[in-house]
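In: Next input, structure requested:
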Amino acid sequence: ELSDHDIALLRHFALKNTTEMTEATFEKLRFAFPKSNVASYKVTRRRAAFLAKFQPVPYDCCVNSCCCYTGPHADKQKCPFCNADRLDANGNPRRRFTYIPLIPRLRTFYGNLGMIDKLRYRHNFTCEPDYVQDVMDGSHYRTLRSQHVSVGGQTFTHKYFDDEHDIALGLSTDGFAPFKRRKKTC
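Out: Numbering: from 1, shown residues only. As a prediction, this is how the structure comes out:
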């Protein structure tokens with residue numbers, strides 16, 4: 001159970017993130033509302049991360065969104081596509097991308113009683129013939145449900161999405177090319 005202090009801190013954190021408030025503006029909240037006990041953004045962010053039980057992973061990326069400096073580009077100081085500098089004059093990344101790892105997020109969801117019912121949405125979904133309202137109405141999903149899980153050439157006895165806790169993940173990307181014949185990565 002969260003304390004009143006933690007709830008207030010998370011509300012401050014949510015305000016900053018849902019309104020695109022700058023860090024400088026967030027820091028001024030303490031002076032504008034001295035009785036509200038607004039912590040510094042650094043303290044607020046760290047406490048929110050602790051309460052969420054997972055840490056975002058920051059990655060440097062090209063200022064023009066051409067690539068993320070990870071994998072084969074991890075040690076590069078210039079973008080291999082547009083030749084833009086990775087760092088500014090002070091040695092700081094010109095742009096960063098923050099990744100929140102999937103597995104810790106899912107663990108956190110399953111640790112929250114309110115989210116557990118929402119995560120069973122797929123299991124409780126009823127498909128209506130000739131009517132598409134969700135991904136579970138799609139032919140690919142329905143085909144998978146009738147097949148046994150196969151990984152690395154080994155076929156298992158259970159079928160895809162048999163368990164009520166199984167999650168059907170979808171991936172939607174903008175500028176992300178995970179395969180070797182990519183022109184750019186982001």
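
In: so residue 77 makes contact with residue 85?
Out: Yes - with contacts counted by C-beta atoms under 8 Å, residue 77 reaches residue 85, the gap being 7.0 Å. From N, CA and C alone the C-beta is placed, and that goes for glycine too.

In: Looking at those two, which has the bigger crowd around it?
Out: Set residue 77 next to residue 85 and count neighbours by other C-beta atoms under 10 Å: residue 85 wins out with 13 against 9.

In: What does the nearest residue to the more buried one once chain neighbours are set aside show for phi and psi?
Out: Spatially, and ignoring its direct neighbours in sequence, residue 85 is nearest to residue 78 (6.0 Å; C-beta to C-beta, 6 or more residues apart in numbering). Backbone torsions for residue 78, taken as degrees, to the nearest 10, come to phi -130, psi 150.

In: Please apply the same query to residue 148.
Out: phi -80, psi 150.

In: Pull the distance from whichever helix or strand residue 149 is part of to the chain's centre.
Out: Element membership for residue 149, per DSSP states H and E: strand 148-151. Strand 148-151 has its C-alpha centroid displaced from the chain centroid by 27 Å (C-alpha atoms, centre = their mean, to the nearest Å).

In: What strands flank that strand, and is each parallel or antiparallel?
Out: Using DSSP bridges, the strands paired with strand 148-151 in its sheet are strand 154-159 (antiparallel).

In: Can you list the neighbours in contact with the strand it pairs with?
Out: Applying C-beta atoms under 8 Å, 6 or more residues apart in numbering, the contact partners of strand 154-159 are 145, 146, 147, 148, 149, 150.

In: Go again with 6 Å.
Out: Here strand 154-159 makes contact (C-beta atoms under 6 Å, 6 or more residues apart in numbering) with 148, 149.

In: Put the alpha carbons of it into CSV.
Out: Taking C-alpha atoms only, strand 154-159 is exported to CSV below (Å, rounded to 0.1, in the frame of the first residue of the first chain):
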residue,chain,number,x,y,z
GLN,A,154,10.7,-28.7,-30.5
THR,A,155,6.9,-29.0,-30.4
PHE,A,156,5.2,-28.8,-26.9
THR,A,157,1.9,-30.3,-25.7
HIS,A,158,0.3,-27.0,-25.0
LYS,A,159,-1.2,-24.7,-27.6
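
In: Can you tell me the centre-most residue of this structure?
Out: Centroid-nearest residue in the chain: residue 100, 4.3 Å away (criterion: C-alpha atoms, centre = their mean).

In: for the helix of greatest length in the chain, which positions count as buried?
Out: The single longest helix within the chain, with elements called by DSSP state H, is helix 4-18. Buried residues in helix 4-18, counted by 16 or more other C-beta atoms under 10 Å: 8, 9, 10, 12, 13, 16.

In: Which of the helices or strands spans the closest residue to the third one other than its chain neighbours?
Out: If you skip the residues right next to it in sequence, residue 10 has residue 48 as its closest partner in space, 6.0 Å away by C-beta to C-beta, 6+ apart. With secondary structure defined by DSSP H and E, residue 48 is part of helix 41-52.
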